[in-house]
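[1] build the 3D model from these lines:
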Amino acid sequence: MDLSEFLDVFLEECFEGLEAMESGLLHLDEGTDLEEINTIFRAAHSIKGGSAAFGFDHISQFTHVMETLLDELRNGSRQVDKNIVDLLLASVDILREMVEGLKTDETPDEARVAELKKKLEMALADSGASSDPESETPPESDAPGEDQDQAEAASWHIRFIPGPDLFRDGNDPVRIFEALAELGSLRVRTDATNLPSLSELDPATCHLHWEATLEGAVTEEQIRETFSWVEGDCQLEISQTEAAPEAPSDKATVTETTAEPAAPAPAEKSAASVAKPAKTSPNRESGSIRVSIEKVDLLINLVGELVITQSMLNQAGLNQAQGGGASAEALLNGLAQLERNTRELQENMLQLRMLPINVAFNRFPRLVRDLCNKMGNKVDLVLTGEQTEVDKTVLEKIGDPLVHLVRNSLDHGLETPEVRAAAGKPEQGRLELSAQHESGNIVIRIIDDGAGLNREKILQKAIENGLVSDKDELSEERIDNLIFQPGFSTADKVSDLSGRGVGMDVVKRNINDLGGTVSIHSRQGEGSTVMIRLPLTLAILDGQLASIGEDTYILPLISIVESLQIRSENLNSVAGSSELYRFRDEYIPIIRLNSLLGNSGGIENLEQGLLVVVEAEGQHAGLFVDRLQEQQQVVIKSLETNFQQLEGVSGATILGDGQVALILDIPGLVHLFHKTRNQMTVPALAAAS
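    Residues are numbered from 1 along each chain as shown. Modelled structure (predicted):
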């Protein structure tokens, strides 16, 4: 019998049970609730029973110890306290890694599993822990997840081989090594053996890798946190030698490869040297999705309606062929019904991929709790709109940007209780995550009541970095959104949460890749609001058809501000070839799409065409087109899969008349325009000099 299908179901149920356990344990922080304890116990019992049935004894034995401790909480022989909750949360983390290991065929870190299992057994043996949370609970349980055995001074060897797109992604290895140097004594050696000849060198491609030695009282977690924003895009190996090894067997080596796994060593590994598996992102991509029976029944009914409509049209066609003279009215009615059924079928098929956004929101209570314990902050996390539905693909890819934005709010936005009290605010800060549907899109807001952005500091930093000139007059919104520029950071010192200048620009790029936009609005001393606007699905796009010459292009509606007739009195130009148009209180560049896209046709006289004002990266620009056609939903086809990737183009679609139309990437177009203009300006300046 093939058990693989049953195993997949078991793994999905394990992940659901682990999420229920974590959510229940976080609620226990707010007070003892017998029903919550029963829910946690039942989830642990199901995981133990299922793993035993499949022969996963390491999981069932570990869960059995957890279950025993939970049973004591359930029957009242042990009281709930912070130390017990922390220990059980750390156990859920380990259990999740063990279940992930079954899915990815990776061996869990046996040393960490054994260490935490021992802590659980010690908690069970400690009879005084049930009444006094400050009693004999082992000190290390106050900070579960930390590698306490690595806190002594040691020497670490780090091998860092980044991917070729390190620089393009906005990451700076110098900043990473500066952050490492904050942790201890650092020596770095650069390996340039893969550097090509000067004629073949692409300055945007990384050909180097580095080896470093770090000495000091540093934990592996601190080192990995430094490389957190390049994780998955590099090969990273970290090995630690104890300060005073007694024999070769006393060396504890931990190796992790975040890109392609390294070849296993021929020697047999001991429990202390088992490779630690790379952690799978909580918003993992899965090949299946659960669908309610109501949605399936609705699809079956719609298919039945399509069959009836097809019969009507066939009968009308048969009557026409036999000379019966089928009425035009019957044919038009059949076509109208076919259109309705097709549209309903399309909408309901998309609903199959829709999941509530609480799948992404569920991680944040734990994240906020752990970070507040670490930083000494008090924060009330409020989640609203958790049942708002979004496409599964969007949901899987929005998780990591949301995590960074929440961490940024906790690190830079929300003040410590002492600072808040001095400013006349409640000691407990407020962080709100909300989601809702607006105009066919999903809008996510991250709102905090912290200190807000320091615009003077942001502007000064931007001038120092050459992002803007001290003569530029920038609106408050433009200044706020400078934080999304590559490498931008106003942190006075590097922390293990943020401040390396490799985060907010990556967040923005990831959201743009999903066809969305991100912006920030701040009130100094009152707080900040980050707004993310995303399409509900990546399969279908609401687009505006625009004509240039004989070709038709699709402009995403989400990027369009308005369209207008060009008035000559609002036209202006600057030195070089730049054309500007006065749009309300600002001058925006005019992008002639026919020349930018290499289209030989199209109107040249600006007053005879239309200007479509779009927003990209917090700035407005005007796209000059011949005329606008209707708006319609289009099915996105990948150019990269079917042809090749084109700069400024995000995909293609097939229109009703069979014509292929390109879907324009608005941020990519604006970037291509500025790049092309700079390339044209430099030779002109050289000739003038």
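
[2] could you use CA atoms for every contact and neighbour count after this?
    Noted.

[3] OK, contacts around Tyr581?
    570-572, 587-590, 622 (C-alpha atoms under 8 Å, 6 or more residues apart in numbering).

[4] tell me the domain ranges of the protein?
    Annotated domains of the chain cover 4-142, 148-264, 293-352, 356-529, 540-688 [automatic domain parsing].

[5] which stretch in these is the model least sure about?
    Mean pLDDT per stretch puts domain 148-264 lowest among the domains of the chain, at a mean of 72.

[6] returning to that earlier point: among the contacts of Tyr581, who's most crowded?
    Gly622 (27 neighbours; other C-alpha atoms under 10 Å).

[7] please report how far that residue lies from Lys508.
    22 Å (C-alpha to C-alpha, to the nearest Å).

[8] can you list the neighbours in contact with the host helix or strand of Leu611?
    Using DSSP states H and E, Leu611 falls within strand 610-616. If you take C-alpha under 8 Å, 6+ apart as the criterion, strand 610-616 is touched by 517, 559-566, 620-628, 666-667, 670.

[9] center of this structure, which residue is that?
    Asp400 (2.9 Å; C-alpha atoms, centre = their mean).

[10] now that residue: how far from Phe361?
    Asp400 is 11 Å from Phe361, by C-alpha to C-alpha.

[11] now do the shared contacts for these two.
    Common neighbours of Asp400 and Phe361, using C-alpha under 8 Å, 6+ apart, do not exist here.

[12] secondary structure class of Thr537, three-state.
    Here Thr537 is recorded as coil under DSSP: H, G, I helix; E, B strand; the rest coil.

[13] what is the burial count for it?
    22.

[14] so how far is stretch 402-422 off the chain centroid?
    Computed by C-alpha atoms, centre = their mean, to the nearest Å, the chain-centroid distance of stretch 402-422 equals 20 Å.

[15] just use 400 as the starting number from now, easier for me
    Sure, I'll start numbering at 400, so the last one becomes stretch 801-821.

[16] return the set of buried residues in that stretch.
    For stretch 801-821, burial by neighbour count (16 or more other C-alpha atoms under 10 Å) applies to 801-816, 819.

[17] still on that earlier bit, so what secondary structure elements neighbour the strand or helix carrying the residue nearest to the centre of the chain?
    Here Asp799, judged by DSSP H and E, is contained in helix 791-807. Counting contacts by 3 or more C-alpha pairs under 8 Å, 6 or more residues apart in numbering; DSSP states H and E, helix 791-807 packs against strand 753-755, helix 757-760, helix 903-912.

[18] and the last one, what does it pack against?
    For helix 903-912, the contact count by 3+ C-alpha pairs under 8 Å, 6+ apart identifies helix 791-807, strand 916-922 as packing neighbours.

[19] again, only this time at 10 Å
    Counting contacts by 3 or more C-alpha pairs under 10 Å, 6 or more residues apart in numbering; DSSP states H and E, helix 903-912 packs against helix 791-807, strand 916-922, strand 926-934, helix 1065-1087.

[20] now tabulate these in TSV and tack on distance to Leu881.
    Listed next are those as TSV, based on distance: least, C-alpha to C-alpha, whole Å:
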stretch	distance to Leu881
helix 791-807	15
strand 916-922	10
strand 926-934	13
helix 1065-1087	16
